[in-house]
Every structure is written in C-alpha cells, then in structure tokens.
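Visitor: sequence first, predicted model second:
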Amino acid sequence: MGFFDFFSKPKKEDLDPGLEKTKQSFLSKISRAIVGKSKVDEEVLDELEEVLISSDVGVTTTLKIIERIEKRVAQDKVMNTDELHHILRDEIVGLLSENEASTPSNPEQIANEPYVIMVVGVNGVGKTTTIGKLAHRFKQSGKKVVLGAADTFRAAAVDQLIIWAERTGVSIVQQGMNADPASVAFDTLESAKAQHADVVIIDTAGRLHNKVNLMNELSKIKRVMAKVYPNAPHEILLVLDGSTGQNAYEQAKQFQQATEINALAITKLDGTAKGGVVIGISNEMQIPVKYIGVGEKMEDLQYFDKKTFVDALFGSHFE
C-alpha cells in the first residue's frame with residue numbers, strides 16, 4: 001500500500017456539492033455565450049474567452065485554451081455549439097496534463113526518515129485547518145503524526161494547532177507565542193525521531209508584507225530541519241484560499257519567489273463561484289495542485305485529480 005493511498009482518487013459525486021456554485025456560474029455563462037448560435041465562430045470564441053476570464057481561470061491560461069479550440073475549429077471547418085462543452089472539457093484536461101510539474105518526494109523512497117511537510121500560506125486561507133485535516137487523514141491510515149507549531153507570531157495560530165492536535169489525537173510540539181520558529185521546527189523533528197514518527201507537519205507564519213524577512217525565516221527553518229534530517233522538508237505545501245480568485249494566484253507567485261514550493265492546496269472552493277482559479281494556478285505555476293478543500297468535514301480535503309475536477313465542473317454536460 002502506498003503512503004498516500006488513503007487519499008484515493010475522488011469520485012465526481014465527492015466533488016459535486018463543493019463545486020456547485022462554480023459549476024452553476026460557469027455553465028450558465030457558457031449557455032449565455034452560445035444562446036442562439038449554431039456553430040462555433042469568432043464571436044462565440046470571444047464570448048467564451050470572456051467567460052473563462054470572468055470565472056477566474058486567468059488570462060494566460062484562457063488564451064491557451066482559446067488557441068487550442070481555434071485550431072480544432074480550423075481543422076473541423078464547422079463545429080456545432082452543442083459540442084463546445086465536450087471540446088472545452090477535453091482541452092482543459094489536456095492542458096493541465098501537459099503542464100503538470102513533477103510531484104513531491106515519494107515517501108517510500110525516503111529511508112529512515114519521517115515524511116516532513118512544511119506548510120506555508122498567509123493568515124486566513126485555511127492553513128491550520130488544512131494541517132488538521134491532513135493529520136486526521138494520516139492518523140486514520142495508521143501513521144504516527146507529529147505537528148510543529150512554528151507560526152509563533154500569533155497566539156491564535158499556536159492555540160488553534162493545539163486544538164487540532166487534541167481533536168485528531170496526534171502529538172504536537174509548541175513553545176508558545178514569540179518563540180523562535182526554527183527552534184520549534186528543530187525540536188519537532190527531534191521529537192519525531194524519538195517517537196519514530198511517520199509524518200511531521202510544520203506550520204509556519206504567513207506574513208507577506210516583507211518578502212525578504214519571509215524568505216529569510218523560511219530558509220532558516222529549512223536549514224535547521226536539515227540538521228536533523230538532511231532531506232527535510234520533503235514537501236513544501238502552499239495553502240491558498242480559492243474564494244479569493246486571482247488574489248490566490250498573486251499570493252502563489254509571491255511565495256514561489258520566497259521559497260521552493262512543490263505542492264499546492266486550494267481551500268474553500270465550496271463557498272465560492274471562483275473554482276476556475278484551480279485551472280489557472282495549476283497551469284501557470286508549474287507546481288502540482290495536490291489537495292482541494294470542498295467543505296467543512298474532515299473528508300472534504302480531497303486529493304486533486306484533474307479529470308474528476310473538470311468532469312465535476314461540467315456536470316451533466318459530460319455525464
């Protein structure tokens with residue numbers, strides 16, 4: 001059994017409720033764009049471009065998708081608007097597949113070390129909740145988990161992580177507010193070593209007002225962790241709030257400049273019609289979206305699967 005097998009490929013019905021607002025907004029916009037039209041022409045493509053951009057797919061990704069559809073229209077000469085949902089769905093899946101970056105380290109290939117995840121992201125994106133849900137998932141699959149409360153600039157962050165540790169029944173290392181984050185990370189890994197833990201999840205501060213300080217702080221945490229386990233952290237997971245649309249993409253770019261992110265989690269998709277941002281971020285960042293949050297329950301943190309996500313987005317039009 002693989003390390004992440006408990007995150008089985010989600011079924012479309014697992015995502016349907018959480019993506020309902022995005023789906024309804026997206027499909028209604030497409031329907032308005034093609035109403036009264038029988039074939040896909042320049043006017044329809046212009047309307048479709050506006051639909052994608054207004055759905056937070058992003059300009060760069062939208063132009064790539066439109067260019068691909070234009071090529072298919074040129075090849076087929078005449079393309080009915082009835083086919084547009086299928087074509088658009090296929091091109092989005094194809095684009096995401098082609099632009100997928102390499103995945104983080106395979107835990108099975110890490111000898112004598114716990115799998116160390118350093119979690120980054122600005123305050124309010126659902127970072128602590130994501131850590132809690134991940135801890136729950138790992139614990140339920142039989143893994144021994146240790147949390148590290150290295151977001152020491154806010155008392156609430158430490159307190160929230162303690163609550164999640166108690167709720168999920170996992171160990172936590174914390175030194176309270178204003179402690180040195182790198183010291184907390186170091187002690188967490190030492191504790192994990194003593195406990196023979198399988199997974200370590202380190203929370204970090206998410207201030208973006210000074211990129212240099214953020215970069216220095218995250219670099220220091222990484223250097224200190226490497227003293228305990230040379231390959232740590234194996235995964236640097238950036239948590240983004242999907243409901244902020246293109247602001248999430250801007251945050252991703254900022255953090256990408258500050259540290260070597262190799263995985264993304266996009267949360268709060270159930271409360272927004274801006275789920276299209278997942279497509280744009282997945283394509284443009286060249287960093288794999290690993291998890292998406294589609295609800296409040298523990299199980300609503302889902303492993304991201306491109307095809308299932310896009311099928312849910314298009315709903316009955318592809319059933």
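Guide: Right, received. Where do you want to start?
Visitor: how about the strands in the stretch 1-150 of the chain?
Guide: 115-120, 145-150 (DSSP state E, counting those that start in this stretch).
Visitor: same for the first one, what does it pack against?
Guide: Using 3 or more CB pairs under 8 Å, 6 or more residues apart in numbering; DSSP states H and E as the contact criterion, the neighbours of strand 115-120 among helices and strands are helix 127-140, helix 181-195, strand 199-204, helix 211-228, strand 235-241. Heads up, the C-betas are built off the backbone N, CA and C, glycines and all.
Visitor: can you rerun that using 10 Å?
Guide: Packing partners of strand 115-120 (3 or more CB pairs under 10 Å, 6 or more residues apart in numbering; DSSP states H and E): helix 127-140, strand 145-150, helix 181-195, strand 199-204, helix 211-228, strand 235-241, strand 263-267.
Visitor: any low-confidence regions in the stretch 151-300 of the chain?
Guide: Applying pLDDT under 70 to the stretch 151-300 of the chain flags residues 208-211.
Visitor: mind putting the strands of the stretch 1-150 of the chain in a markdown table, mean pLDDT and mean neighbour count included?
Guide: Converted to a markdown table, the strands of the stretch 1-150 of the chain look like this (pLDDT from 0 to 100; neighbours: other CB atoms under 10 Å):
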| stretch | mean pLDDT | mean neighbour count |
| --- | --- | --- |
| strand 115-120 | 96 | 25 |
| strand 145-150 | 97 | 29 |
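Visitor: CA atoms of stretch 153-163 as CSV?
Guide: C-alpha atoms of stretch 153-163 as CSV (Å, rounded to 0.1, in the frame of the first residue of the first chain):
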residue,chain,number,x,y,z
PHE,A,153,3.8,35.3,15.7
ARG,A,154,0.1,34.8,16.5
ALA,A,155,-1.0,33.2,19.8
ALA,A,156,-4.2,32.2,18.0
ALA,A,157,-2.2,30.1,15.5
VAL,A,158,-0.5,28.1,18.2
ASP,A,159,-3.8,27.7,20.1
GLN,A,160,-5.6,26.5,17.0
LEU,A,161,-3.0,23.9,16.2
ILE,A,162,-3.1,22.6,19.8
ILE,A,163,-6.9,22.2,19.4
